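this is a predicted model, with the sequence first.
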Amino acid sequence: MDTIIINGICFILFPALVLWKAEYNRNWNETILTKDDSAALRGIAAVFVVFAHYLNYLSSQGMTGLGPAKLYEWCGGLGVCVFFFVSGYGLEITYQKKSVDFIYIKNRFFSIIPVFLTLRMLFALLLAVWKQGWVYFCLYLLNLKDPMWFISEIVIIYILYFVAMNLSRRYCILLMTLFLTVMSSIFYFLEFDARWYNANLVFIVGMLIAKYKTKLLTFLKQAYWLKIAVCFGLFAITAIAFTIFRGGYGRIV
């Protein structure tokens, strides 16, 4: 019965909610992703990640026979890749004609840090009260114990973007590619879990698509659905690679 409910939520309720007000637009937009599109993608990606973590938890508790819902474990990797992609796209669109100064840092950090600290405090208190003690509480709150890897990484990437834009606006994407390659290499050789480095360059893909969106839209107008299918396939391969190798250094080598 539990399996039926889980699969019903994954494949009936959730898609129905996503498609409730979906409309097919035959007109070409001047941009690939609007703010509403980006928000919708982030919401779907967040649900994918939540489902993936929940199904991983059920598997760790010995629950078998989840059926098609197991596919959502792959969708968790897809969700992470979507977050990186949308972040890269959004930054490039927003700051193509704006200066990147300390107001940028303030806006980015204050959109992340308060929510991060609130959630971190809540879980740190629960863990401290139940089993881990107050030393663990302090380390956990400072993100030094069991770090929330995605939050830490996106903050680092935002700082690197600030540096790259101030070094050279013209070569920002090239600099970010260099920075993220070096950062990912450091995480790799320090034997961090693979999730710290195996999807970072999707951020660069988002930046490239934002920079060349006009040419890309012109290209897509011919054989649109075939090209979209190919793009989605390549993106899915990236997500699957992220999911397979997220377990750590040992599973890569």
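Alright, I've got the coordinates. Numbering: from 1, shown residues only.

chain center to the one helix or strand Gly88 maps to, what's the gap?
Here Gly88 sits within helix 71-94, counting by DSSP states H and E. Centre-to-centre, helix 71-94 and its host chain are 4 Å apart (Cα atoms, centre = their mean, to the nearest Å).

okay, now the nearest residue in space to Glu92 that is not next to it in sequence: neighbour count?
Counting by Cβ to Cβ, 6 or more residues apart in numbering, Glu92 lies nearest to Ala210, which is 3.6 Å off, once chain neighbours are set aside. In this view, the C-beta of every residue, glycine as well, is placed from N, C-alpha and C. Counted with other Cβ atoms under 10 Å, the neighbours of Ala210 add up to 22.

next: Tyr54.
As a measure of burial, Tyr54 has 17 neighbours, counting by other Cβ under 10 Å.

ok, now how distant is it from Ala194?
Relative to Ala194, Tyr54 is positioned 21 Å away (criterion: Cβ to Cβ, to the nearest Å).

try Lys215
Lys215 is 33 Å from Ala194, by Cβ to Cβ.

neighbour count winner among these two?
Neighbours were counted for Lys215 and for Ala194 using other Cβ under 10 Å; Ala194 has more, 22 against 9.

buried residues in the helix or strand harbouring Cys231?
Cys231 belongs to helix 224-245 when assigned by DSSP H and E. Of all the residues in helix 224-245, those buried under the rule 16 or more other Cβ atoms under 10 Å are Phe235, Thr238, Ala239, Phe242, Thr243, Phe245.

export it as PDB, just CAs?
The C-alpha trace of helix 224-245 is given here as PDB (Å, rounded to 0.1, in the frame of the first residue of the first chain):
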ATOM      1  CA  TYR A 224      13.000  22.500 -32.800                       C
ATOM      2  CA  TRP A 225      11.700  19.300 -31.200                       C
ATOM      3  CA  LEU A 226      14.500  17.200 -32.400                       C
ATOM      4  CA  LYS A 227      17.100  19.600 -31.100                       C
ATOM      5  CA  ILE A 228      15.300  20.000 -27.800                       C
ATOM      6  CA  ALA A 229      15.200  16.200 -27.400                       C
ATOM      7  CA  VAL A 230      19.000  16.000 -28.000                       C
ATOM      8  CA  CYS A 231      19.600  18.800 -25.500                       C
ATOM      9  CA  PHE A 232      17.400  17.200 -22.900                       C
ATOM     10  CA  GLY A 233      19.200  13.900 -23.500                       C
ATOM     11  CA  LEU A 234      22.600  15.400 -23.000                       C
ATOM     12  CA  PHE A 235      21.400  17.100 -19.900                       C
ATOM     13  CA  ALA A 236      19.900  13.900 -18.500                       C
ATOM     14  CA  ILE A 237      23.200  12.100 -19.100                       C
ATOM     15  CA  THR A 238      24.900  14.800 -17.000                       C
ATOM     16  CA  ALA A 239      22.300  14.300 -14.300                       C
ATOM     17  CA  ILE A 240      22.700  10.500 -14.300                       C
ATOM     18  CA  ALA A 241      26.500  10.900 -14.100                       C
ATOM     19  CA  PHE A 242      26.000  13.200 -11.100                       C
ATOM     20  CA  THR A 243      23.800  10.600  -9.400                       C
ATOM     21  CA  ILE A 244      26.100   7.600 -10.100                       C
ATOM     22  CA  PHE A 245      29.300   9.300  -8.900                       C
END
